[in-house]
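Enquirer: give me a model of this one.
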Amino acid sequence: MGKRTEEVSRSGAPVANPFPRMLTLDQVEEVLNLGKPLVYALVRSGELRAAQFGGRGVWRVREDDLSAYIDAAYEKTAERIASGQVPEGESPADD
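Expert: Numbers count the residues shown, from 1 in each chain. The predicted structure is shown next:
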């Protein structure tokens, strides 16, 4: 994924972009390091917000929505660990 540059006003202050950056599902797969079936399942379930534009198969996820999904996943994991739902001997697997 390429670097994103912010627009700057004449005074040198950052200018808010009126439109969010939109990611393809392929880009979401890359960021999350997940396979296509799981990304599609997250979108279909509504767990990851996405929108379909134009014709069939043109899906986009706002950067902010992907960030929110990642933050929620960390919170949910912390809650599971705190409540003992993740056994002490169980460690994250390297995929």
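Enquirer: can I get the top strand by length along the chain as CSV, trimmed to CA atoms?
Expert: Determined from DSSP state E, the single longest strand within the chain is strand 59-62. Provided in CSV are the C-alpha atoms of strand 59-62 (Å, rounded to 0.1, in the frame of the first residue of the first chain):
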residue,chain,number,x,y,z
TRP,A,59,-16.6,-3.5,-2.7
ARG,A,60,-14.8,-0.9,-0.7
VAL,A,61,-13.9,-0.4,3.0
ARG,A,62,-13.2,3.0,4.5
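Enquirer: do a quick rundown of the strands in this protein.
Expert: Going by DSSP E, the chain shows strands at 22-23, 51-52, 59-62.
Enquirer: and the gap between the residue sitting nearest the centre point of the chain and residue 81?
Expert: Among the residues of the chain, the one closest to the centroid is residue 66, at 2.2 Å (C-alpha atoms, centre = their mean). Per C-beta to C-beta, to the nearest Å, residue 66 is found 23 Å from residue 81. Quick note: C-beta positions are derived from backbone N, CA and C, even for glycine.
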